[in-house]
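[1] Output the structure for:
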Amino acid sequence: MTEPVGDVIAELVADHRELEALFREVELQPVDAPRRRELADRLTAELVRHTASEERHLHPAMREHVPHGPALADKEAADHARSEQLLKHLEGLSADDPDFNDTVAKLKFAVAAPVREAEHDLFPALTTALPPEKLEALGRMVRRDRETASPPRSRPPRPPASRPSPGRCTAYATGAARPRAGPGDQVARPEGDS
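    As a prediction, the model looks like this:
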């Protein structure tokens, strides 16, 4: 998404600005522009990568160090689940489908409120609760996720209607689309993931 910028707060805020820019790009495309689907797919990949990174790195730190952290992390996870449902719906729509714009608008709204809450409430609490070294270490993990993510560049062909597709969201959630490490790569894995 963007160049490395620092601690976990700076990394996630940079992601938020990039996601906002992607939403704007999708919204500005004419209805018949093929680029709408491409941008929606990129938005899906980036949002899924971002939320997975938050769940892997930010939520455990919140649970452990921030007052009311477990409840905040649970709320964030519920917000992510709502967004993922909209992403799955969007993934099944062609760019000229009448429901496409409405789904993008609903997704933008579903993402905007948690972003505001994170930036105004959660991030300041995390900055107070964690030393700069820990925030920097979490930032490196988020950058590593970004650097190792390799979302598909184009939309795969649609399967026949009789065969449901698991979709990109499901593939990312199950790890099927998780980037694989190459020789010599060091990849941080969540606890219990081997």
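
[2] mind listing the helices for the protein?
    In the chain, the helices defined using DSSP state H lie at 8-28, 35-53, 59-65, 69-91, 98-117, 123-129, 132-148, 167-174.

[3] Out of these, which one sits most buried?
    helix 35-53 (a mean of 21; mean count of other CB atoms under 10 Å). Backbone N, C-alpha and C define where each C-beta goes, glycine included.

[4] and that helix, C-alpha only, in PDB?
    As requested, the backbone C-alpha atoms of helix 35-53 are provided in PDB (Å, rounded to 0.1, in the frame of the first residue of the first chain):
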ATOM      1  CA  ARG A  35     -11.700  -0.300 -13.900                       C
ATOM      2  CA  ARG A  36     -14.500  -0.200 -11.200                       C
ATOM      3  CA  ARG A  37     -14.300  -4.000 -10.800                       C
ATOM      4  CA  GLU A  38     -10.500  -3.900 -10.700                       C
ATOM      5  CA  LEU A  39     -10.500  -1.200  -8.100                       C
ATOM      6  CA  ALA A  40     -13.200  -3.000  -6.000                       C
ATOM      7  CA  ASP A  41     -11.000  -6.100  -6.100                       C
ATOM      8  CA  ARG A  42      -8.000  -4.100  -5.000                       C
ATOM      9  CA  LEU A  43     -10.100  -2.500  -2.200                       C
ATOM     10  CA  THR A  44     -11.200  -6.000  -1.100                       C
ATOM     11  CA  ALA A  45      -7.700  -7.300  -1.000                       C
ATOM     12  CA  GLU A  46      -6.300  -4.300   0.900                       C
ATOM     13  CA  LEU A  47      -9.100  -4.200   3.400                       C
ATOM     14  CA  VAL A  48      -8.900  -7.900   4.100                       C
ATOM     15  CA  ARG A  49      -5.100  -7.700   4.500                       C
ATOM     16  CA  HIS A  50      -5.500  -4.700   6.800                       C
ATOM     17  CA  THR A  51      -8.100  -6.200   9.000                       C
ATOM     18  CA  ALA A  52      -6.200  -9.500   9.200                       C
ATOM     19  CA  SER A  53      -3.100  -7.600  10.300                       C
END
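
[5] and that helix, how far from the chain's centre?
    Averaging C-alpha coordinates over helix 35-53 and over its chain gives two centres that are 7 Å apart (CA atoms, centre = their mean, to the nearest Å).
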